[in-house]
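Asker: 3D, please:
(one chain, ligands or ions: 1)
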Amino acid sequence: MGKNKQKFTAPVLKNKDYTGTIEDLTHEGLGVVKIDNFPIFVEGALPQEEVTFKVVKIGKKFAFGKLLEVITKSPDRVEIIDKVYAQTGTMPLQHLSYDAQLRFKKDHVVRVFERIAKLPEVPIADVIGMEDPYGYRNKAQIPVRKINGKMETGFFRKNSHDLIPLEDFAIQDPKIDEAVVIVRDILKRYHIKPYDEVSHKGDIRHILIRRGYYTGELMVVLVTRTSDLPRENEIISSIKDKLPELVSLIQNINPEKTNVILGSDHKVLFGEDGYHDTLLGDTYFISHESFYQINPVQTQQLYQTAIDYAELTGKETVIDAYCGIGTLTLGLAKKAKHVYGLEIVNTAIKNANRNVQVNDVSNVSFKVGAAEDLMVEWTDRNEKVDVLVVDPPRKGLAKAFVDAVLTMKPEKMVYVSCNPATLARDLKLLHEGGYDVVKAQPVDMFPQTHHVETVVLLSLVK
Ligand SMILES: C[S@@+](CC[C@H](N)C(=O)[O-])C[C@H]1O[C@@H](n2cnc3c(N)ncnc32)[C@H](O)[C@@H]1O
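Answerer: Residues are numbered from 1 along each chain as shown. Sure, this is the predicted structure:
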């Protein structure tokens, strides 16, 4: 260390209690209070509230505090539905009224457009929220562990792998909650051993359940450590018996010491590897490994916004990059000449091709591969499309993808994003490359959490 470098001293001390007024929320929904201009993030505290907190962790630029008492309450504070959820971190915004959650999410999108994209003038609509912001998740991945000698299902305590037993998950489809308990009790009855992470022993690691919101079809996936499932036949017939909506029972085998839930091998124990759901009038077949949006009601809002933004007339050639099982692709195809879906996961494309047949669609084709590579191949062939739709994972678009867009120059682009920060980064590049960012519509796909989805329209400046 250089002689002149002074040792950093924070203006707060660890384990000491302080009182202050919350000024803001971080994008993750933590209250921000400043002491001598040094920010401290306090979970569960809201703007304008005077609070006491204990400093629990100090970094160079900020610290973390544990909320001890709310002295003056924000008008946006609501009673939390259960303290247990606060420990799991699955509903980090449950203490904020739903209206205020929607305002917070819009504000987050506005800020990243200003600060990261440098596009403060883009009109951003109010967030499309849900009428009932609970019970929306159509997929549950529930760890199975032994607690006090008993098999339990629940959720891990935040930032840990200590299981908190839970039977009602509040943001999950209640039919899925019921099914988790039924499956757990069947496994218990047949003395299946819960997985132990420390010794890497035991049979059952996770129970994964997916349910078609519109079809009611159920898929159950038993994630096991080895391919051995003791008393397999009895388990299969008991689950079928107790869950009449079951169409697919899968054993996924994950022998690794890992936090990743699914392994690479699986066996179909009943039905086939997939269940159906419908979206915007089309029916989709979804395998246990395929991505499918987890909030079916809001997905229709999201897709409809993307389709409306594309303003298709029936004459356009469209690329739907990062297309998953082809849900948005088929929605776009109703109004386009031809849509090409690009997706990296082979199983998803198998599902997508089946979905084309099920829905009797003729103007769609899919290509498997990394979207950035496929786009470069397209531009190398000097082929053009009129409209480009993208719906990438949280990390956003690869630089090679953005470069290919700027070479191909489609007239219109619709960007569907689940991460405002990477969206803003990509919009800046696209704007600098010649696109006008016309408008944005945030959609609340994940009530009670800080996540927000955004649809953006871009248009090529001639
Ligand atoms: C946010 S999901 C959207 C899927 C689909 N549009 C939907 O709404 O169901 C992103 C998809 O991108 C796929 N993906 C991830 N990286 C990719 C890449 N480099 N190239 C193509 N697809 C990719 C994932 O497998 C996933 O299906």
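
Asker: contact partners of stretch 181-195?
Answerer: With CB atoms under 8 Å, 6 or more residues apart in numbering as the test, stretch 181-195 has contacts from 143-146, 150-153, 167, 201-205, 207, 209, 220, 222, 225, 229-231, 234-235, 238-239, 242-243. Yep, even glycine has a C-beta here, placed from its N, CA and C like the rest.

Asker: quick one: which of these sit in strands?
Answerer: 143-146, 150-153, 204-205, 207, 209, 220, 222 (DSSP state E).

Asker: by contact count, what packs against the least confident helix or strand in the chain by mean pLDDT?
Answerer: Least confident helix or strand, the chain: helix 83-88 with a mean of 75, by mean pLDDT, DSSP states H and E. Using 3 or more CB pairs under 8 Å, 6 or more residues apart in numbering; DSSP states H and E, the elements in contact with helix 83-88 are strand 150-156, strand 163-165.

Asker: Mind listing residues that contact stretch 395-408?
Answerer: Residues contacting stretch 395-408 (CB under 8 Å, 6+ apart): 321, 370-373, 375-376, 378-379, 383-385, 388, 390, 413, 417, 419, 422-423, 425-426, 429-430, 433-434.

Asker: So which of these are in strands?
Answerer: Among those, the ones falling in strands (DSSP E) are 321, 388, 390, 413, 417.

Asker: now, which of those residues sits nearest Asn37?
Answerer: Ser417 (32.8 Å; CB to CB).

Asker: could you measure that closest one against Asp426, distance?
Answerer: Separation of Ser417 from Asp426 (CB to CB, to the nearest Å): 8 Å.

Asker: Excluding sequence neighbours, find me the nearest residue to His266.
Answerer: Asn252 (4.5 Å; CB to CB, 6 or more residues apart in numbering).

Asker: what does Val221 give?
Answerer: The nearest residue in space to Val221 (CB to CB, 6+ apart) is Leu208, at 3.9 Å.

Asker: Now do Ile71 against Ala45, distance only.
Answerer: For Ile71, the distance to Ala45 - CB to CB - is 11 Å.

Asker: And Arg189, by the same measure?
Answerer: Note on Arg189: its distance to Ala45, by CB to CB, is 45 Å.

Asker: Likewise for Ala348?
Answerer: From Ala348 to Ala45 the distance is 41 Å (CB to CB).

Asker: Between those two, tell me which one has more neighbours.
Answerer: Ranked by neighbour count (other CB atoms under 10 Å), Ala348 and Ala45 place Ala45 first, with 28 against 24.

Asker: Which of the three states applies to the more buried one?
Answerer: Following DSSP: H, G, I helix; E, B strand; the rest coil, we place Ala45 in the coil state.

Asker: my read: it touches Phe64, true?
Answerer: No: judged on CB atoms under 8 Å, Ala45 makes no contact with Phe64 at a distance of 11.6 Å.

Asker: if we can go back for a sec, just the buried subset of the ones in strands among the contacts of stretch 181-195, please.
Answerer: 143-145, 151-153, 204-205, 207, 209, 220, 222 (16 or more other CB atoms under 10 Å).

Asker: Point out the residues in the stretch 251-400 of the chain that sit beside the ligand.
Answerer: Residues of the stretch 251-400 of the chain found near the ligand (CB under 6 Å from any ligand atom) are 291-293, 322-324, 327-328, 342-345, 348, 370-372, 391-393.

Asker: let's go with 8 Å and repeat that
Answerer: Residues of the stretch 251-400 of the chain lying close to the ligand (CB under 8 Å from any ligand atom) are 290-293, 299, 302-303, 320-329, 342-345, 348, 369-374, 391-393, 398.

Asker: Could I have the buried ones of the residues you listed as PyMOL selection syntax?
Answerer: Per 16+ other CB under 10 Å, the buried members of those correspond to this PyMOL selection:
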select buried, resi 290+291+292+293+299+302+303+320+321+322+323+324+325+326+327+328+329+342+343+344+345+348+371+372+373+374+391+392+398
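
Asker: Please parse the protein into its domains.
Answerer: What automatic domain parsing lists as the domains of the chain is 17-77, 102-131+295-460, 139-279.

Asker: longest helix of this structure?
Answerer: Taking DSSP state H as the criterion, the chain has its longest helix at helix 98-115.

Asker: Show me what counts as buried in that helix.
Answerer: 98, 100-102, 104-106, 108-110, 112-113.

Asker: distance of the nearest residue to Asp391 once chain neighbours are set aside from Asn37?
Answerer: Of all residues not flanking Asp391 in the chain, Val416 sits nearest, at 4.0 Å (CB to CB, 6+ apart). Note on Val416: its distance to Asn37, by CB to CB, is 38 Å.

Asker: quick revisit: the helices and strands packed on helix 83-88: lowest mean pLDDT?
Answerer: Mean pLDDT across the helices and strands packed on helix 83-88 is lowest at strand 163-165; the value there is a mean of 90.

Asker: Now do the buried residues in it.
Answerer: 163-164.

Asker: From the chain's centroid, how far away is it?
Answerer: 22 Å (CA atoms, centre = their mean, to the nearest Å).

Asker: Pull up the pairing partners for that strand, direction included.
Answerer: Strand partners for strand 163-165, identified by DSSP bridges, are recorded as strand 150-156 (antiparallel).

Asker: distance between the strand it pairs with and the chain's centre?
Answerer: Worked out by CA atoms, centre = their mean, strand 150-156 lies 23 Å from the chain centre.

Asker: Repeat that for stretch 187-207.
Answerer: On CA atoms, centre = their mean, the centre of stretch 187-207 falls 27 Å from the chain's centre.

Asker: Of all the residues in it, which ones are buried?
Answerer: 187-188, 192, 194-195, 202-207.
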